[in-house]
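Asks: I'd like to go over a predicted model; first the sequence, then the structure.
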Amino acid sequence: MKIDLSFTSSSLEELQLRSKNIVVIDVLRASTTVTVALANGAREVIPVGSIESAVKISGPLFGEMTLRGGERNGRMIEGFNLGNSPPEYTEATVRGKSIIYCTTNGSVAMFKSRFARSLIIGSFVNLGAVAKYLGEKNEDFMILCAGRLNTIGQFSLEDAVCAGMMIQRLGSDGAVALELTDASRAAVALYKSYGRSLLKLLKTCEHGQFLTEIGFGEDLKVCAAVDSVPVLPQLSGTVIKLRKDEQRPEPGDTGIAPKTVDS
């Protein structure tokens, strides 16, 4: 199994991703939020590349069964129902709803990958589920880190460390022979250097500091909780849904309240 990796999505075109198996990682916060939303019963997440596309697609569907979620510069977009904070996506809010999803970085990477052979969404909160799926699939794949597109393809340490942890987890039992590119090896090295305290990593990385400054510091505790939401969001047609064999909470349940880490 060959594992390739791109530290940002800005340099890649849709055609380059068309025939690949892709894992999109945006730890802060799109991958985490999409995972929580689907685990809490959202019908589907529809990633888009721009606010204009979100408004156009939702159009006459916008209302009771279709929500707009996302952010610009970390904050909820005017006219949207939800921002990009995982705890907002509760069972009571999202169950049975379609979510048109637009963020600065994560949804762009997801949208670019919509014609991939397969697409799954990875983060710390579902890392084990992703690694298990990849091991069972046993095919070449690319990890696509969202990075920070608002600064033209800036590297994000938290995404790279998550990618490295995923690769390390995948190869830990020796059941799958891994062939790593230089970028993948670099991600593993970064995980070994920074992975001992993920919450500390998220608090000190650039985007984590920014989120804390604008009032979303508690989100970092949710995003650092490894394997707390063990589900697999994957591309189904042109939308992202849970894998068919995964169970959602029954109506009336409280759904998944995202776990946090305190140190």
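Replies: Yes, it's here. Numbering: from 1, shown residues only.
Asks: packing partners for the helix or strand encompassing V188?
Replies: Element membership of V188 [criterion: DSSP states H and E] is helix 182-194. Contact partners of helix 182-194 among helices and strands, from 3 or more C-beta pairs under 8 Å, 6 or more residues apart in numbering; DSSP states H and E: strand 2-6, helix 157-171. Using the backbone N, CA and C atoms, a C-beta is placed for each residue, glycine as well.
Asks: Point out the most buried one among the ones you listed.
Replies: helix 157-171 (a mean of 24; mean count of other C-beta atoms under 10 Å).
Asks: Just the C-alphas of that one, formatted as CSV.
Replies: This file holds the C-alpha atoms of helix 157-171, laid out as CSV (Å, rounded to 0.1, in the frame of the first residue of the first chain):
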residue,chain,number,x,y,z
LEU,A,157,1.1,21.5,11.8
GLU,A,158,-2.0,19.9,13.3
ASP,A,159,-3.2,18.4,10.1
ALA,A,160,0.3,16.9,9.4
VAL,A,161,0.6,15.4,12.9
CYS,A,162,-2.9,13.8,12.5
ALA,A,163,-1.8,12.4,9.2
GLY,A,164,1.4,11.0,10.7
MET,A,165,-0.6,9.5,13.6
MET,A,166,-2.9,7.8,11.1
ILE,A,167,-0.1,6.3,9.1
GLN,A,168,1.6,5.1,12.3
ARG,A,169,-1.6,3.5,13.5
LEU,A,170,-2.2,1.9,10.2
GLY,A,171,1.3,0.3,10.2
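Asks: quick one: average confidence on that helix?
Replies: What helix 157-171 shows for mean pLDDT is 97.
Asks: Could you spell out the sheet neighbours of whichever helix or strand comes after that helix, each with its direction?
Replies: For helix 157-171, the following helix or strand on the C-terminal side (DSSP H and E) is strand 179-180. Strand 179-180 has its sheet partners listed here by DSSP bridges as strand 2-6 (parallel).
Asks: Skip ahead from the strand it pairs with and say which helix or strand is next.
Replies: helix 14-17.
Asks: In that next one, which residues are buried?
Replies: L17 (16 or more other C-beta atoms under 10 Å).
Asks: so what's R18 closest to, chain neighbours aside?
Replies: F115 (4.8 Å; C-beta to C-beta, 6 or more residues apart in numbering).
Asks: what's the answer for R114, then?
Replies: Nearest non-adjacent residue to R114 (C-beta to C-beta, 6+ apart): T238, at 5.9 Å.
Asks: and the one you found, how far is that from V188?
Replies: Here the distance between T238 and V188 works out to 33 Å (C-beta to C-beta, to the nearest Å).
Asks: element containing the residue nearest to R18, please.
Replies: When secondary structure is defined using DSSP H and E, no element contains F115, which sits outside every helix and strand.
Asks: Any chance of CSV for the helices and strands packed on helix 182-194, columns distance to K192?
Replies: Output for the helices and strands packed on helix 182-194, formatted as CSV (distance: least, C-beta to C-beta, whole Å):
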stretch, distance to K192
strand 2-6, 15
helix 157-171, 7
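Asks: can you tell which of those is closest to L199?
Replies: Ranking those by proximity to L199 (C-beta to C-beta) places helix 157-171 first, at 10.8 Å.
Asks: got a list of what the closest residue to E88 other than its chain neighbours touches?
Replies: Spatial nearest neighbour of E88, excluding adjacent residues (C-beta to C-beta, 6+ apart): L82 at 5.1 Å. Listed by C-beta atoms under 8 Å, 6 or more residues apart in numbering, the contact partners of L82 are L67, R68, G69, G70, M76, E88, Y89, T93, I99.
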